[in-house]
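Asks: dropping a prediction and its sequence here:
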Amino acid sequence: MIDLTDKRRLLDTVAGIARDAGRAILEVYGTDFAVTLKDDHSPLTEADKRAHTIIDTGLRALDPAVPVLSEEAAPEQSTERRSWPRFWLVDPLDGTKEFLKRNGEFTVNIALVIGHRAELGVVLAPAQGRLYFGALGLGAWRQEGEETPEPIYVERTTQTPPRVVGSRSHETGALADYLAALGPHTVTPMGSSLKICLIAEGAADLYPRLGPTSEWDTAAAQAILESAGGRMIDSTGQPLRYNSKDNLLNPDFLAFGDQRRDWLAPIRSSRGRQDRN
């Protein structure tokens, strides 16, 4: 375990690494950059690669014994990951599609995973100059530019109607069914892990993700959300866990602030209608 003083020092150091990566991303963002496609047909830019190099180098310098698993790492770097008791889980540029659209809704995600749980997280939105960071047992903060960081907390009482955040680039029929069963609500489209951070700061109530994501998409923001009093659960009600299976894909999940409300009820309701049909 890491004591709270060490956690805060580590948070500050990792935030600095994220800012370095963010500056490199913005250097590319302001140019006429090229785009290539990875094997899974997802886009890749020079910004992804520069940010990965900066983060990987910075984290390994903290403690060479702690592995780094990044979305942009070579596949062989993750072959032994199931035996790792702790590691850094990184998405150097989350929301590359938003980066390509130049809408500012992309992030740098860095999480420390210990024993399948995201313990510490940093999420930087470089184009917005906004930083979120938090660690379990310590708390969560939001910082605008060079201003003093402000503590953030989830909204523990859901507003009426509930404020839902959804993916700007990934919509599914399952999500439409869920929202229909949820009842009256408002929806704000948002890219990257910023959706989860909005819940962490009390600006949204719910993020239902009923579609594919990878573990590096969510770990940092989950650490921040849980540090701010929220939760992320799968469709069976269990907390999202990391590095616990052969692949790095997340199950469907719900992220929320109000833990008294049964957010799984719309899933049961929509499944019941499907069974009757």
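Replies: That came through fine.
Asks: give me the neighbour count for residue 113.
Replies: 26 (other CB atoms under 10 Å). The way it works is simple: take the backbone N, C-alpha and C, and place the C-beta from them, glycine included.
Asks: contacts only, for it.
Replies: Residues near residue 113 by CB atoms under 8 Å, 6 or more residues apart in numbering: 86-89, 119, 219, 242-243.
Asks: rounded mean pLDDT for stretch 160-174, please.
Replies: What stretch 160-174 shows for mean pLDDT is 85.
Asks: again with stretch 64-82
Replies: Mean predicted confidence for stretch 64-82 is 80.
Asks: any idea how far apart the tips of it sit?
Replies: Criterion CA to CA, to the nearest Å; first-to-last residue distance in stretch 64-82 is 18 Å.
Asks: what's the distance between residue 26 and residue 125?
Replies: Separation of residue 26 from residue 125 (CB to CB, to the nearest Å): 11 Å.
Asks: these two: who's more crowded?
Replies: The residue with more neighbours, out of residue 26 and residue 125, is residue 125; 22 against 13, by other CB under 10 Å.
Asks: excluding chain neighbours, what is closest to that one?
Replies: residue 107 (5.2 Å; CB to CB, 6 or more residues apart in numbering).
Asks: re the thing from before, neighbour-wise, which one of the contacts of residue 113 leads?
Replies: residue 219 (31 neighbours).
Asks: so it lies in a helix, does it not?
Replies: Yes. The assignment for residue 219 (DSSP: H, G, I helix; E, B strand; the rest coil) places it in a helix.
Asks: element containing the closest residue in space to it that isn't next to it in sequence, please.
Replies: Among residues not flanking residue 219 along the chain, residue 111 sits closest, at 3.5 Å (CB to CB, 6+ apart). Residue 111 is located in strand 107-114, with elements delineated by DSSP states H and E.
Asks: low-confidence ranges, the chain, go.
Replies: 1, 74-79, 169-171, 270-277 (pLDDT under 70).
Asks: let's check: the centremost residue of it is which one?
Replies: Nearest residue to the geometric centre of the chain (CA atoms, centre = their mean): residue 218, 3.1 Å.
Asks: quick check: it touching residue 195?
Replies: No. Residue 218 is not in contact with residue 195 according to CB atoms under 8 Å; the separation is 9.9 Å.
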